[in-house]
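Engineer: curious how this folds, go ahead:
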Amino acid sequence: MEDNGSLALAREAFARGDWAAAHQFFLRARAATPLAVDDLDALSRAAWWLGDSQASMALAEELYERLLDEGRATDAARAAQRLCLEWATRGDLIVASAWLGRASRLLAYLPRSPEHGYLLYLESTLSLELEEDPAPAAAAAADLEVMAHEFSDPTLHCLARVLSGLAAVRGGDVQQGFADLDEAMLPVLAGRLTPMWCGDIYCTVIHLCQALGDLARMRAWTSALVRWSAPLSQTSMYAAVTRIHQLQLVSAEGGWDVVEEEIGAHSEALVGAHGWLAGEGYYELGEVRRRRGDQAGAAQAYALARQLGAVPQPGEALLLHAEGADDEARAVLQAGLGEVGRLERARMLLGAVELSLALGDDATARVRCSELEDTAAQYGSPGLGAWAHHAQAALDVGRGEWTAALDHLELAVRIYRDQRFRYALAQVHELMATARHGLGQHESAAADEATALAVYRRLGAVPDIRRLERRRAAPGGLTAREAEVLACVASGASNREVARALVISEKTVSRHLANIYLKIGVATRTAAAAWAREQGLLSRVLG
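Structural biologist: All right, here's what the predicted structure looks like:
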């Protein structure tokens, strides 16, 4: 028996964007009689907006079969394209590609239509994601522009600009790329696109901004996402999507208490609906916990990120190193670098350089720094540039090239300040202090140390606070690690024993000793040990 009352209420609720009510009334009507295909489509979309991806896709598959049975091949292809988009958003590109193949086979025998344009867009974006060659995507964008005029389709015009922008950015022309992407937003803001396409475009571009380390652009696009998603109601899954993007920015700016409090719940809400973003949310949580010294909590968050398809590097590798698991740290970092493309690798490379230096592998550190510098030069992004300067400065400090290090650090600090990378800003000030001590500029070094320590304290970065407090207590401008090395040497340990005790390489011990001799003005191990005892360094560091 048909439930016309529930069906009418469901359609009204869907039209006004009340997804929860629409879902409830459609289900009530469906229990009485099978839904027409348009109503089945609406029920599937309502479930998607509520974040119930499993139900949404099951209904969409049922819709696809119904449309095939009714001989509506073009509509069935459109349903298959939607399933491709949903599976890709969920984070499963293999299943997404399979649905794209179904859409392609259906459209191969049909006259040219807008659906052929949507197919071209999806094929091109998947190809760009997997293969990184922007040339096919740029050619496809030109074809889409022609089809947009041919069919007077605003969605195709928007997708053409998006694809052109993505191809330009991936090809290194960031300015032209974002000009195209900004233009693509005009029909979105005018409400001329379906919400599913709009949400995908916003998240794609925000993710791109984050990969470039361009927080200024990421803030602008996230603000636009907030304005677009607000009318969709707080029951929409985009409430969680929007908040995770906001929290990624909050984390960079140092609001770690807020991130710790909120991001886990929002990530959990997106599991199964927006898998890759849920994974990115858990990775951000892991980073906050690691930097605050919560090793168990960080490991748990990284594991959740990995389960959802995110690559939890370099954070997981740095955590393993802090726990003394250096071989495993090397392995997971190398695997992570191999899982992503060149641009996505860039955000891992600064941490990779730091890890290589900590392990005494200067050669690998130089290779990774060189890759980061090449990527920064190709894209011209401020964040990538700051990471490259930061990495090169770490190499320079390790070699005792103090002036060169300061030149790079001065450039990095300006960018970090403008972009509001709070934790990175503290790291740079700490490196600047080391370089200034090396140049004998102890008063300026003390000011940099004080700045770094103040930021670490505001963030609650406990491991950094403890390390820097030990460093400030060390005499002669020694770093905390140098003081530890010298204390071990003064107690009679060999270089091999020092390396084993501090979980570093013998080569790193030798490099630290060379820096120590230079700073305290001695030429022998015996003289350095005597100086350490005179300064009370053994009781201060080892006691």
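
Engineer: helix or strand, whichever it is, which one in the chain has the lowest mean pLDDT?
Structural biologist: helix 537-541 (a mean of 61; mean pLDDT, DSSP states H and E).

Engineer: which one is Ala160 nearest to, not counting chain neighbours?
Structural biologist: Nearest-residue entry for Ala160: Leu144, 3.7 Å, with adjacent residues in sequence omitted and distances by Cβ to Cβ, 6 or more residues apart in numbering. C-betas here are computed from N, CA, C, even on glycine.

Engineer: surely the one you found touches Tyr118?
Structural biologist: No - with contacts counted by Cβ atoms under 8 Å, Leu144 stays clear of Tyr118, the gap being 9.2 Å.

Engineer: what residues do those two have in common as contacts?
Structural biologist: With contacts defined as Cβ atoms under 8 Å, 6 or more residues apart in numbering, the residues shared by Leu144 and Tyr118 are Leu156, Leu159.

Engineer: in three-state terms, label the residue nearest to Ala160 for me.
Structural biologist: Assigned with DSSP: H, G, I helix; E, B strand; the rest coil, Leu144 falls in the helix class.

Engineer: switch to numbering from 49
Structural biologist: Yep, numbering from 49; the last one is Leu192 now.

Engineer: how close does it sit to Glu171?
Structural biologist: From Leu192 across to Glu171, the span is 11 Å (Cβ to Cβ, to the nearest Å).

Engineer: same check, this time on Leu295
Structural biologist: In terms of Cβ to Cβ, Leu295 sits 33 Å off from Glu171.

Engineer: swap in Asp140?
Structural biologist: Separation of Asp140 from Glu171 (Cβ to Cβ): 17 Å.

Engineer: look up the closest residue to Gly99, ignoring the ones flanking it.
Structural biologist: Once flanking residues are discounted, Gly99 sits nearest to Met285: 3.9 Å by Cβ to Cβ, 6+ apart.

Engineer: wait, that neighbour sits on Trp96?
Structural biologist: Yes - counting by Cβ under 8 Å, Met285 does reach Trp96; the two are 7.4 Å apart.

Engineer: got any residues that touch both of those two?
Structural biologist: Any residue near both Met285 and Trp96 by Cβ under 8 Å, 6+ apart counts here, and that gives Ala321.

Engineer: looking at the two, which has the bigger crowd around it?
Structural biologist: Trp96 (26 against 23; other Cβ atoms under 10 Å).

Engineer: check contacts around that one.
Structural biologist: So Trp96 contacts Ser104, Glu134, Met244, Met285, Ala321 (Cβ under 8 Å, 6+ apart).

Engineer: repeat that with 6 Å
Structural biologist: Residues near Trp96 by Cβ atoms under 6 Å, 6 or more residues apart in numbering: Ser104.

Engineer: kindly report the same for Ala347.
Structural biologist: Listed by Cβ under 6 Å, 6+ apart, Ala347 has no contact partners.

Engineer: could you redo the last one with a cut-off of 10 Å?
Structural biologist: For Ala347, the contact set (Cβ atoms under 10 Å, 6 or more residues apart in numbering) comprises Gly334, Arg337, Arg338, Pro360, Gly363, Glu364, Leu367, Leu368, Glu371.

Engineer: same question, Leu207
Structural biologist: Counting by Cβ under 10 Å, 6+ apart, Leu207 has contacts 165-166, 168-170, 172-173, 188-189, 192-193, 195-196, 201, 232, 235, 241, 245, 248-249.

Engineer: follow-up on the earlier one: which one's more surrounded, Leu192 and Glu171?
Structural biologist: When Leu192 and Glu171 are compared on other Cβ under 10 Å, the one with more neighbours turns out to be Leu192, at 25 against 19.

Engineer: pretty sure the more buried one contacts Leu211?
Structural biologist: Yes - Leu192 is within contact range of Leu211, at 6.3 Å (criterion: Cβ atoms under 10 Å).

Engineer: isn't Thr412 right up against Glu402?
Structural biologist: No - counting by Cβ under 10 Å, Thr412 stays clear of Glu402, with 11.6 Å between them.

Engineer: check which residues of stretch 160-179 are buried.
Structural biologist: Neighbour-count burial for stretch 160-179, with 16 or more other Cβ atoms under 10 Å as criterion, is recorded at 161-174, 176-177.

Engineer: out of these, which is nearest to Ala498?
Structural biologist: Closest approach to Ala498 among these (Cβ to Cβ): Glu177, at 45.0 Å.

Engineer: quick check: closest non-adjacent residue to the closest one.
Structural biologist: Computed as Cβ to Cβ, 6+ apart, the closest residue to Glu177 that is not its neighbour in sequence is Leu141, at 7.2 Å.

Engineer: if I look at that neighbour, how far off is Leu229?
Structural biologist: 22 Å.

Engineer: the more surrounded of those two?
Structural biologist: Each of Leu141 and Leu229 has its neighbours counted (other Cβ under 10 Å); Leu229 has more, 24 against 17.

Engineer: list phi and psi for the more buried one.
Structural biologist: Here is the backbone geometry of Leu229 (degrees, to the nearest 10): phi -70, psi -40.

Engineer: pull the contacting residues for it.
Structural biologist: 209-214, 216-217, 249, 252-253, 256-257, 265, 269.

Engineer: again, 6 Å this time
Structural biologist: Counting by Cβ under 6 Å, 6+ apart, Leu229 touches Gly213, Val253.

Engineer: now the phi/psi pair for Gly303, please.
Structural biologist: Note on Gly303: its backbone torsions stand at phi -90, psi 60 [degrees, to the nearest 10].

Engineer: and the one 3 residues further on, by the same measure?
Structural biologist: Note on Val306: backbone dihedrals following degrees, to the nearest 10 are phi -70, psi -40.

Engineer: hang on, it packs against Ser299?
Structural biologist: No - checked against Cβ atoms under 6 Å, the pair Val306 and Ser299 is beyond contact range at 8.5 Å.

Engineer: quick one, which of these two is more surrounded?
Structural biologist: For the pair Val306 and Ser299, the greater number of neighbours falls to Ser299 (21 against 15), based on other Cβ under 10 Å.

Engineer: ok, and the closest non-adjacent residue to Pro430?
Structural biologist: Ile463 (5.0 Å).

Engineer: tell me the domain ranges of the protein?
Structural biologist: Residue ranges for each domain of the chain read 284-343, 522-591, as given by automatic domain parsing.

Engineer: hey, which of those domains is tucked in deepest?
Structural biologist: Per-stretch averages of neighbours, counted by mean count of other Cβ atoms under 10 Å, single out domain 284-343 among the domains of the chain, with a mean of 22.

Engineer: circling back: dump the contacts of Ala347 to JSON lines, plus secondary structure.
Structural biologist: Shown next, in JSON lines, are the contacts of Ala347 (three-state DSSP):
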{"residue": "Gly334", "secondary structure": "helix"}
{"residue": "Arg337", "secondary structure": "helix"}
{"residue": "Arg338", "secondary structure": "helix"}
{"residue": "Pro360", "secondary structure": "coil"}
{"residue": "Gly363", "secondary structure": "helix"}
{"residue": "Glu364", "secondary structure": "helix"}
{"residue": "Leu367", "secondary structure": "helix"}
{"residue": "Leu368", "secondary structure": "helix"}
{"residue": "Glu371", "secondary structure": "coil"}
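
Engineer: cheers, nothing more for now.
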